[in-house]
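S.K.: based on what follows, work out the 3D shape:
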Amino acid sequence: MEIRQSHLSMDQGEAAPPGDFYYQEDKDMGTVISLCDYTGNMVKPWAEAGFDCLCIDTRHSMAGDKVEGNITFRWGDVRTLTPSDLPDPHIIFAFPPCTNLSSSGARWYKSKGIQGLIDALTLVESCRKLCE
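M.R.: Predicted structure coming up:
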């Protein structure tokens, strides 16, 4: 296992994952998991640093995983996943939709009713449980 003390990748001069130390090319270091993540933008620096990354979202194809380099895009609903459904994580990020929780979505509160808020809170709680 190679340990580097830097915020820059020595190979490519690009930003490395946050922290004083990070590990590269060690397959036992765990997977970077990003919940409710369609784009994969959050995990790109981690993938470039050598981590295997998994992006889970209901907008990914149910037909099968799509792999781009070290990033796997997988269909999944955080409300039905359990920690045992996920690989051993190095770190987990979660981005549940917040439209029904934020003031930017207030104009739709009346049409969505209390169910919109309940759905949003259910997603947040599901992500929280997976991150524990």
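S.K.: going forward, measure contacts and count neighbours with C-alpha atoms only.
M.R.: OK.
S.K.: now name the helix or strand holding the spatially most central residue of the chain.
M.R.: In the chain, the centroid-proximal residue (Cα atoms, centre = their mean) is S34; its distance is 0.8 Å. Take DSSP states H and E as the rule and S34 turns out to sit in strand 31-35.
S.K.: export that strand as CSV, just CAs?
M.R.: Extracted C-alpha coordinates of strand 31-35, given in CSV (Å, rounded to 0.1, in the frame of the first residue of the first chain):
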residue,chain,number,x,y,z
THR,A,31,-15.4,1.6,-1.7
VAL,A,32,-16.5,5.3,-2.0
ILE,A,33,-20.3,5.2,-2.1
SER,A,34,-22.4,8.1,-3.2
LEU,A,35,-26.2,7.7,-2.6
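S.K.: can you name the next helix or strand after that strand?
M.R.: Sequence-wise, the next helix or strand downstream of strand 31-35 (DSSP H and E) is helix 44-48.
S.K.: just after that following helix, pick out the following helix or strand.
M.R.: Later in the chain than helix 44-48, the nearest helix or strand by DSSP H and E is strand 53-57.
S.K.: residue contacts, the residue at the greatest distance from the centre of the chain?
M.R.: Here the centre of the chain is the reference, and by Cα atoms, centre = their mean the most remote residue is K110, at 30.7 Å. Shown in contact with K110 (Cα atoms under 8 Å, 6 or more residues apart in numbering): no residues.
S.K.: using the three-state scheme, assign it.
M.R.: Put simply, K110 is helix when judged by DSSP: H, G, I helix; E, B strand; the rest coil.
S.K.: any idea how far G30 is from the closest residue to C131 other than its chain neighbours?
M.R.: Spatial nearest neighbour of C131, excluding adjacent residues (Cα to Cα, 6 or more residues apart in numbering): I92 at 6.0 Å. From I92 across to G30, the span is 10 Å (Cα to Cα, to the nearest Å).
S.K.: same thing with A120?
M.R.: Noted for A120: a distance of 29 Å to G30, by Cα to Cα.
S.K.: ok, L54 next?
M.R.: Relative to G30, and taking Cα to Cα, L54 is found at 11 Å.
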